[in-house]
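Q: sequence and predicted structure below; questions after.
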Amino acid sequence: MARSRSRSRRPLGFVIYSGPSALDGSPVVVVATMKSANRKTGRMVQTWILRADVAPHDAVRTGADASICGACPHRGDRAAGKPRTCYVNVGQAPGSVWRAHRRGRYVVGTLADAMAAAPGVPVRIGSYGDPAAVPPEVWSPVRSAPRWTGYTHQWRLPAAAALRDLVMASCDSPAEALDAARAGWRAFLVRPADAETSADLGRAILCPSDRGVECARCGLCAGASPRTAAAPHIWIPAHGPAAAFVAG
């Protein structure tokens, strides 16, 4: 019985940030969960960047997701008739995490606490939402993880430069990827179907996930960290909704 009680006290996850969005000042929350059923990524500590006061599906519907996704081109714009092309189904994991947070199911802690609760497990920075939406120090503990992945569409923002050694610059054209590379980022290029080549990016390789390698085992998408600074840029063919793929 004691063992059962001990298991019941184990946190389901940690609230690792609660405060204003670094993008627009609206209230946001970041939750780290230790369980993952994502077949593409493999087992990783997952981190969810959410509006604290608006359910994810409502945030998408009203445009309030700008607080966590910024200027990501895959958010969509109903007023402009632009469809949402993000691969994340907010009614699934993001919605479940948001509801659990509202019910008080997670304890306040840090990313280091979540990593300690899942020792040796790689970390996914921004399972939903953009890492640049919160202060960079939230992510600092990840440097002691065995491997991690992360992506930002906000790499052009001066404040995002603090994330260069942690995450990849999410790019949607070879020209964007070249700009990111010139700015000191490692690029993750979602190559559009009409782009003939990504050769202009220089050293770039096809994402190993295209060959069935889990992100948890790969770990190349760790920005320009000391471990990966000399690694090539990564590209992947566009797929998913409207042939678009949003990294992370």
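A: All right, it came through fine.
Q: near residue 114, how many other residues are there?
A: By other CB atoms under 10 Å, the residues close to residue 114 number 24. Yep, even glycine has a C-beta here, placed from its N, CA and C like the rest.
Q: hang on, it packs against residue 13?
A: Yes: counting by CB atoms under 8 Å, residue 114 does reach residue 13; the two are 7.0 Å apart.
Q: overlap in contacts, the two.
A: Both residue 114 and residue 13 are in contact with 32-34, where contact means CB atoms under 8 Å, 6 or more residues apart in numbering.
Q: ranking the residues you listed by neighbours, who comes first?
A: Ranking the shared contacts of residue 114 and residue 13 using other CB under 10 Å puts residue 32 first, with 31 neighbours.
Q: circling back: closest one to residue 132 out of the shared contacts of residue 114 and residue 13, please.
A: Set against residue 132, the nearest of the shared contacts of residue 114 and residue 13 by CB to CB is residue 32 (17.2 Å).
Q: on the three-state scheme, the closest one is what?
A: strand (DSSP: H, G, I helix; E, B strand; the rest coil).
Q: partners of it in the sheet?
A: Beta-bridge partners of residue 32, counted by DSSP bridges, are residue 14, residue 47.
Q: any idea how far it is from residue 155?
A: Distance, residue 32 to residue 155, using CB to CB, to the nearest Å: 23 Å.
Q: didn't residue 64 look like it was pressed against residue 56?
A: No: judged on CB under 8 Å, residue 64 makes no contact with residue 56 at a distance of 9.5 Å.
Q: of the two, who's got more company?
A: Between residue 64 and residue 56, counted using other CB under 10 Å, the more crowded position is residue 56 (27 against 18).
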